[in-house]
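Enquirer: Show me how the following folds:
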Amino acid sequence: MKGKTTLILLLFALAIRIIPAQESSDWRSLYDLALRNNASLAEGENAARAAQNKWKSARQGRGPELFFESDLSYLTNPRQVDLSQGSLYAGGTLAPGLIFPPLPESDTSLPLTGNQWYSFRLVLEQPLITSGKLSAQENIYRSLWESSLLNTNQKKLTIKAEILSLIHTLTYLEKILDIVSLQITAADRFVTLIRRSYDSGMTSHSDYLGAQVKAREVTLMENQIRKQQNQALLHLEYLCGLESLLPEQINPEGLPDLLGPGETDKETLLTDTRAYSPVLQILRQNIEAAKQNKRLTRGGSYGRPDLGFQVELDYAGGSFPFTSEEWGISENNVTATVGIRALLGDFGKAASLVKEAESRISEAEYRYRDHLEQMKRSIGEELFNQHLNRENIAYYNSQADDDMALATLKKESLDSGYGLEQDYLLQMISWYSDLIYIEQEKISLALSHYRLRTLTGVLPE
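Expert: Predicted coordinates for the structure are as follows:
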């Protein structure tokens, strides 16, 4: 009975895992899965939250801070006052018959404290003037937080682009595998006919070997396509946090049409890139952070004062507060302090730090300009690649039309009894190759399209 129960539970668990596997997913549902499950994206979001907390902490640094301090001391030699005999009053006759004794009458010691000494302090500190250091520090952390958010957006953009390109790729690979299946059937029939012709002495051995090589080329093509398909599926599983994904689960509905005129206006793409690219926005935030760092550094330079206000309530005595009648308000003290501090000289160290901060601004601006130039070049390369892809697609379409026209003629000759089936099959194999080349160019076009859209920061919603 126990074994049957275990088997039923196992089958039920398998059913739960199998049922979702039969559902198809379009790119939007897979992207939603990636937003929930992708480990790299979760790491980026955690980093953004940490940066936000640092910014909040820096912003709250403008307000007052309240501290409590306490210590307990044990004195082996507590403080005391030593009085010798007659040190206060030597004694003597005040009036006839009235003699006053010396004070003190003998050497004595008066303890000022016991062996225990308690100290308690409540301190309130409020910065008043910091020469811009607090606001600069707050702005730096805000820039870092915004950079973290932009970095997360860049990861989301990259994941979306990869998912879209992978689904396009898998869709085209499925078409290629269908074509290759027909090509393998034609190639096997072609080898069979050549073998018969060779056995009857009508064909040379080299022709027979050539037919075998052509059939193996088709099989090799199938293996390469299946390898490419498996790699795409594995990467899609990683992006979406899935354990297993089958080609039939991929739903190509909702994919953008990439076979239209395409993007040709480079200036419009550059405008989108400047406006929407998270990478460029991060680099601009780095420039702003470098400027605020210079402001922070100059705030600690020569003659830049820091002004602060401090209020301190303290108690120090030999009795613990509220536990005996010996402690009192007379032992308490309230101190209010306004302090100012300014650097006057440090042998040029502060000046060097300011120059270093200025050089960091220049470095950040250079990195921005350099990356923008690289993106301009990459946009031009992708536009050229897409132009070549479309030209190749047009060429292979024409080649396919030509091969199909020849195949039709050879089929008519075969049906009339004047042609050879081998010639017809060979022409069909060539036509299938044209169709495969067209789908491969579509894959290259899709990859280039999404690389370009990742650069510009604009993808379909």
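
Enquirer: doesn't residue 338 fall inside a strand?
Expert: Yes - counting by DSSP: H, G, I helix; E, B strand; the rest coil, residue 338 is part of a strand.

Enquirer: Can you tell me the SS state at the closest residue to it other than its chain neighbours?
Expert: In space, and not counting its chain neighbours, residue 338 is closest to residue 309: 5.4 Å by CB to CB, 6 or more residues apart in numbering. Every C-beta, even on glycine, is put in place using the N, C-alpha and C of the backbone. Assigned with three-state DSSP, residue 309 falls in the strand class.

Enquirer: same check, this time on residue 316
Expert: What three-state DSSP gives for residue 316 is strand.

Enquirer: Cross-check the contact I'm expecting between residue 228 and residue 176.
Expert: No - between residue 228 and residue 176 there is no contact under CB atoms under 8 Å: 9.1 Å.

Enquirer: Compare these two (neighbour count), which wins?
Expert: residue 176 (26 against 16; other CB atoms under 10 Å).

Enquirer: That one falls within a strand, correct?
Expert: No - assignment of residue 176 by three-state DSSP gives helix, placing it outside any strand.

Enquirer: That one reaches residue 436, doesn't it?
Expert: Yes - between residue 176 and residue 436 there is a contact at 5.4 Å, judged by CB under 8 Å.

Enquirer: So what's the residue count around residue 415?
Expert: When neighbours are counted by other CB under 10 Å, residue 415 comes out with 10.

Enquirer: other SSEs contacting the one helix or strand it maps to?
Expert: Assigned by DSSP states H and E, residue 415 belongs to helix 349-416. Applying 3 or more CB pairs under 8 Å, 6 or more residues apart in numbering; DSSP states H and E, we find helix 349-416 packed against helix 266-276, helix 278-299, helix 421-456.

Enquirer: can we see that at 6 Å?
Expert: With contacts taken as 3 or more CB pairs under 6 Å, 6 or more residues apart in numbering; DSSP states H and E, helix 349-416 sits against helix 278-299, helix 421-456.

Enquirer: Quick check: which of the ones you listed is nearest to residue 184?
Expert: Among these, the nearest to residue 184 by CB to CB is helix 421-456 (9.3 Å).

Enquirer: Which other helices and strands does that closest one contact?
Expert: helix 133-199, helix 266-276, helix 349-416.

Enquirer: now those in TSV, with mean pLDDT?
Expert: Output for the helices and strands packed on helix 421-456, formatted as TSV (pLDDT from 0 to 100):
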stretch	mean pLDDT
helix 133-199	91
helix 266-276	90
helix 349-416	93
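
Enquirer: would you turn those into JSON lines with distance to residue 430?
Expert: Output for the helices and strands packed on helix 421-456, formatted as JSON lines (distance: least, CB to CB, whole Å):
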{"stretch": "helix 133-199", "distance to residue 430": "10"}
{"stretch": "helix 266-276", "distance to residue 430": "38"}
{"stretch": "helix 349-416", "distance to residue 430": "5"}
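
Enquirer: winner for burial among the ones you listed?
Expert: Most buried of those, by mean neighbour count (mean count of other CB atoms under 10 Å): helix 133-199, with a mean of 19.

Enquirer: tell me what that one is packed against?
Expert: Using 3+ CB pairs under 6 Å, 6+ apart, the elements in contact with helix 133-199 are helix 27-37, helix 39-60, helix 205-240, helix 278-299, helix 421-456.

Enquirer: Out of those, the one nearest residue 333 is which?
Expert: Closest of these to residue 333 is helix 39-60, at 29.4 Å (criterion: CB to CB).

Enquirer: Which residues does stretch 303-318 contact?
Expert: Under the contact criterion CB atoms under 6 Å, 6 or more residues apart in numbering, stretch 303-318 has outside partners 113-114, 116-117, 119-131, 327, 331-342.

Enquirer: Fine by me, we can end here.
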